[in-house]
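Visitor: With the input below, show me the fold.
(one chain, ligands or ions: 1)
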Amino acid sequence: MSRTPAVGAVGIVGAGAVGQAVATTLCMAGFCRRLLIASRTAEQAAALAADIDDMRQTTASPVHPRAGRVVDLADCQAVVIVVRASFTNTRNTDVRMGGAVANAPAIGQLAAALHGYTGTVLVVTNPVDVMSRLFAELSGCERVFGIGSNLDSARYRAALARHLHVPATAVAGHVIGEHGDAAVVCASATTVNDQRVPLPLQQLRDELTTRAGLISAGIGRTRSGPAGAVLSALHKTLAVDDGIEELSAPYEGGWLGIPLRFTRGQPVACLPSLDAAEQRQFTTADTKLRTAYQAVRSLPELESPDSERAS
Ligand SMILES: NC(=O)c1ccc[n+]([C@@H]2O[C@H](COP(=O)([O-])OP(=O)(O)OC[C@H]3O[C@@H](n4cnc5c(N)ncnc54)[C@H](O)[C@@H]3O)[C@@H](O)[C@H]2O)c1
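Guide: Numbers count the residues shown, from 1 in each chain. All right, here's what the predicted structure looks like:
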């Protein structure tokens, strides 16, 4: 594989299912020269770094992995946060929101450890729209984006392409709002080969709603799709490529998934036109996420963070 990566160092916090897939993806993509891995325990971080190092050796990848502590990630160009606190999610609906109370203290600890970090932070931890806002507001970091709507959008374009027997690249369309039950399919602005076409909207919505659950039911967790969404977002946010990425970001005082057009790493919001029903759904998502954020923000654990720091 050997080629010189455009990016110097990327950090990953959380050596679980998605963290492992992100590390593997970055190694095989030859994305960065150094990959720093931190997790809840030093053993987890060291184990993942060793496994990725084996991959580096067997594939001649230019990516050098190393285990470290969260504070060691300060000189990375980007940090990917993929932690998940230990809890049992018993929800059947609004599943991602089920992690809010459990994951918020971990996000609070990481925000303290990375306070003032000037690189790019990609938050994957769910509920991602709430956790990315929480991390941004507690850390003071200015370049924080949540992963999820870009995965939803890719799934939507692929499902529509399958339905119409066209390549996914022929489909232009976005899924915005919450990465969750209040996702908004921007159907009215969707085009196929630059033409508006009738859409099997309910079928597409159902596919979007059930896809993550089907993957988790079959193989335990979703991991490769989110890892691909992280890689795609790293390309845009670190100015490797220009283009549009649907990410969770601040918008009119709230924080939710919107299309961002990146030019040399700088994002500008570029919402498609919404019809009246889509606008109502977008407002509903916005209200839901603001309410969820306020509830999380008032958790007592965030006022006095646990003394245990991520290693
Ligand atoms: N946004 C998306 O598109 C998307 C997609 C899939 C999963 N997710 C979310 O990503 C998160 C991770 O999922 P997973 O399947 O990898 O979980 P996992 O349980 O397999 O791994 C989580 C890892 O985080 C570590 N961890 C926990 N607390 C920590 C802390 N305070 N500091 C450092 N490390 C800590 C754990 O030790 C574990 O290694 C979950 O919240 C999941 O819902 C988001």
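Visitor: For stretch 52-70, which outside residues touch it?
Guide: 1-5, 11, 13, 23-24, 26-28, 30-38, 42, 45-46, 48-49, 110, 113-114, 309-311 (CB atoms under 8 Å, 6 or more residues apart in numbering). Where you see a C-beta, it was placed from the backbone N, CA and C, and this is true even at glycine.
Visitor: Equivalent analysis for stretch 264-274, please.
Guide: Contacts of stretch 264-274 (CB under 8 Å, 6+ apart): 120, 145, 174, 176, 184, 186, 188-189, 236-239, 242, 244, 247, 249, 251, 258-261, 282.
Visitor: Now with 7 Å, please.
Guide: The contact list for stretch 264-274 (CB atoms under 7 Å, 6 or more residues apart in numbering) reads 174, 186, 188-189, 237-239, 242, 244, 249, 251, 258-261, 282.
Visitor: between those residues, which is closest to the ligand?
Guide: Closest approach to the ligand among the contacts of stretch 264-274 (CB to the nearest ligand atom): Ala249, at 13.6 Å.
Visitor: How far does the helix or strand the closest one falls within sit from its chain's centre?
Guide: Ala249 belongs to strand 243-251 when elements are defined using DSSP states H and E. How far strand 243-251 lies from its chain's middle: 10 Å, per CA atoms, centre = their mean, to the nearest Å.
Visitor: ok so, going back, please narrow the contacts of stretch 52-70 to those residing in strands.
Guide: 11, 13, 32-38 (DSSP state E).
Visitor: Now the buried members of these.
Guide: 11, 13, 32, 34-38 (16 or more other CB atoms under 10 Å).
Visitor: just the residues you listed that are near the ligand?
Guide: Within the set of these, contact with the ligand (CB under 6 Å from any ligand atom) is found for Val13.
Visitor: Among the buried ones among the ones in strands among the contacts of stretch 52-70, which one lies nearest to the ligand?
Guide: Nearest member of those to the ligand, counting by CB to the nearest ligand atom, is Val13, at 5.2 Å.
Visitor: and the closest one, bridged to which residues?
Guide: With DSSP bridges as the criterion, Val13 is bridged to Ala38, Ile81.
Visitor: quick one, what contacts it?
Guide: So Val13 contacts 38-39, 70, 79, 81-83, 110, 310 (CB under 7 Å, 6+ apart).
Visitor: run the last query once more with 10 Å
Guide: 19, 36-40, 45, 69-70, 73, 79-83, 106, 110, 113-114, 121, 123-125, 310 (CB atoms under 10 Å, 6 or more residues apart in numbering).
Visitor: Ok, Ala136 next?
Guide: 111, 121, 123, 142-146, 248-250, 255.
Visitor: any idea how far it is from Asn103?
Guide: 15 Å (CB to CB, to the nearest Å).
Visitor: that older thread, now the two most distant members of the ones in strands among the contacts of stretch 52-70.
Guide: Taking CB to CB as the measure, the ones in strands among the contacts of stretch 52-70 reach their widest spread between Val13 and Arg33, a distance of 19.0 Å.
Visitor: can you list the domains in this protein?
Guide: If you go by automatic domain parsing, the domain ranges for the chain are 7-148, 149-294.
Visitor: so of those domains, which one's packed in deepest?
Guide: Neighbour counts (mean count of other CB atoms under 10 Å) averaged over each of the domains of the chain peak at domain 7-148, with a mean of 21.
Visitor: Need the distance between the two termini of that one.
Guide: 23 Å (CA to CA, to the nearest Å).
Visitor: Please state the offset of it from the chain centre?
Guide: On the basis of CA atoms, centre = their mean, domain 7-148 sits 10 Å off its chain's mean C-alpha point.
Visitor: which one among the contacts of Ala136 gets closest to Asp194?
Guide: Closest to Asp194, out of all of these and judged by CB to CB, is Ala249, at 27.0 Å.
Visitor: That closest one touches Leu260, doesn't it?
Guide: Yes. With contact defined as CB atoms under 10 Å, Ala249 reaches Leu260; the gap is 6.1 Å.
Visitor: Residue numbers of the stretch 151-300 of the chain in contact with the ligand?
Guide: Residues of the stretch 151-300 of the chain that fall close to the ligand, judged by CB under 6 Å from any ligand atom: 151, 179, 221-222, 226.
Visitor: which of those residues lies closest to Gly98?
Guide: His179 (13.5 Å).
Visitor: Phi first, then psi, for the closest residue to the closest one other than its chain neighbours.
Guide: Excluding its sequence neighbours, the residue lying closest to His179 (CB to CB, 6 or more residues apart in numbering) is Gly148, at 2.7 Å. The phi and psi values for Gly148, taken as degrees, to the nearest 10, are phi 160, psi -50.
Visitor: Model confidence score at Gly148, please.
Guide: Here, the pLDDT recorded for Gly148 equals 98.
Visitor: What distance do you get for it to Val130?
Guide: For Gly148 relative to Val130 (CB to CB), the value is 11 Å.
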